[in-house]
Every structure is written in structure tokens, then in C-alpha cells.
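Novice: Predicted model and sequence follow; I will ask about them next.
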Amino acid sequence: MSVIFITATTAVNRLIGNIGSHYFSTMAQALKTHEVVPDVIDQVPPAVVDVTYLNNLKVEIGKELTPTQVKDKPEVKWNAEAGEFYTLCMTDPDAPSRKTPTFREWHHWLVANIPENRVSEGEVLSDYIGSGPPKDTGLHRYVFLVYKQPGKLVFDEKRLTNRSGDGRGKFSIRKFAEKYKLGQPIAGNMYQAAWDDYVPILYKQLGD
């Protein structure tokens, strides 16, 4: 009886694993649907990074959120390997608009040397700034990407606070990853947002 039970349990666990794998694969492929591939990265990451804002608001690929909902730094989690270091980036390829992205990319958050997935213990290169799409520019894509580092690294980037937008535009996570030999992202996610009445408050914070 115990052998049959163990066999059945193993089969159920395998089925759950297959369903989960298919779900995350489908979600990750949605990054291609939204043209994050090739606008931001070269290939679909193998996993989805978990991003949660206040009030347990989950980011789902392609979902529309408001600047008000994402004004505060989210909690971000991914499947990390013990003892490894990671880089997390949030970037907008649609600055000032998706139709004319002359400032592609405008990065909102960049944290490196994250031990496993403990973001709060990482090295903040650019502090978090929420979405601030200009009025009448439609939906912008806000892309989260996680890279596994080859080890703990020394980054020569200028440290950016969340009190100014200087140094955020004309960024390329693709070139950043090449510079520090990060390879392809191991996980990704994204949401979309358009202007709302929080944006002028954010611009005031940034000195604009």
C-alpha cells in the first residue's frame, strides 16, 4: 500500500511541476508578444520574476497598472541559487513614447550584487523611481529583468538617487549586461502604464 501511495504522490508532484513549468513558460513567452524581445533583450528568459506592490498587487506580464499603484518600491523575488549574486533592473523602453522612443531606455531601478534574492541587501546603483509616462503618450512598458552574475562584481556606474531623473535616459540593459558579462536574463516580467494624476507629483520629486 505504501509503495502505491509513494508512486501516486510522485506522479502528482510531477504533474504539478509540469503544469507550473508550462505556466511560467507561457508567461515568459508573453514578453515576446509585447516585443520586449527584441526591443530590450535578445531572447525570452526561462522564468518569470515575482513582483508585488502594496496591497498585494501582483505584476502580470502585460497587465495595465497606474503610476499611483506603482509609486512605491515593490517586493521582488525569484528562484535564486545559494551563494550566488544577481542584478535586478527595471527599465522603460518607451521614453518618451512607444511611437518615438528617442530616450530608450529610461531605467527606473538598478540593483547589483544581490545575495540570492535579498534585494534589500544588494548594491543600489539607481534607486527606485515609479512610472511617470508623459501625458498623451499612451501605454509604456515597464520591464523587470534579473541576471545571474558570474560572482560579486565591482560596478563603476554613477550612483543615482530617486530625487532626480539625470542619468536615467539613453540606458541599455543589453549593453550593461554585456559590459559586466552577465549573459542573458534568467527571469523577467513587465506591466504597462499610462499617465495619471500622480505623475506631476513624481515630476516635482525629480525636480522637473
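Specialist: Nice, thanks for sending it over.
Novice: shaky segments in this structure?
Specialist: Along the chain, segments meeting pLDDT under 70 span 1-26.
Novice: For the most centrally placed residue in it, which residues are in contact?
Specialist: In the chain, the C-alpha nearest the mean C-alpha coordinate belongs to F144, at 0.9 Å (Cα atoms, centre = their mean). Contact analysis of F144 by Cβ atoms under 8 Å, 6 or more residues apart in numbering lists V49, V51, V59, V76, L88, C89, M90, G188, N189, M190. Where you see a C-beta, it was placed from the backbone N, CA and C, and this is true even at glycine.
Novice: could those be laid out in JSON lines, adding secondary structure and neighbour count?
Specialist: Listed next are these as JSON lines, based on DSSP: H, G, I helix; E, B strand; the rest coil; neighbours: other Cβ atoms under 10 Å:
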{"residue": "V49", "secondary structure": "coil", "neighbour count": "22"}
{"residue": "V51", "secondary structure": "strand", "neighbour count": "22"}
{"residue": "V59", "secondary structure": "coil", "neighbour count": "21"}
{"residue": "V76", "secondary structure": "strand", "neighbour count": "21"}
{"residue": "L88", "secondary structure": "strand", "neighbour count": "23"}
{"residue": "C89", "secondary structure": "strand", "neighbour count": "26"}
{"residue": "M90", "secondary structure": "strand", "neighbour count": "26"}
{"residue": "G188", "secondary structure": "strand", "neighbour count": "27"}
{"residue": "N189", "secondary structure": "strand", "neighbour count": "29"}
{"residue": "M190", "secondary structure": "strand", "neighbour count": "26"}
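Novice: of all those residues, which comes closest to V37?
Specialist: Top of the list for closeness to V37, among these and by Cβ to Cβ, is G188 at 9.2 Å.
Novice: Check whether L160 really touches G167, as I assumed.
Specialist: Yes. When contacts are counted by Cβ atoms under 8 Å, L160 is listed as touching G167 (5.2 Å).
Novice: who has more neighbours, these two?
Specialist: Between L160 and G167, counted using other Cβ atoms under 10 Å, the more crowded position is L160 (19 against 14).
Novice: Can you report phi and psi for the closest residue to that one other than its chain neighbours?
Specialist: Of all residues not flanking L160 in the chain, S126 sits nearest, at 4.1 Å (Cβ to Cβ, 6 or more residues apart in numbering). Per-residue torsions, S126: phi -140, psi 120 (degrees, to the nearest 10).
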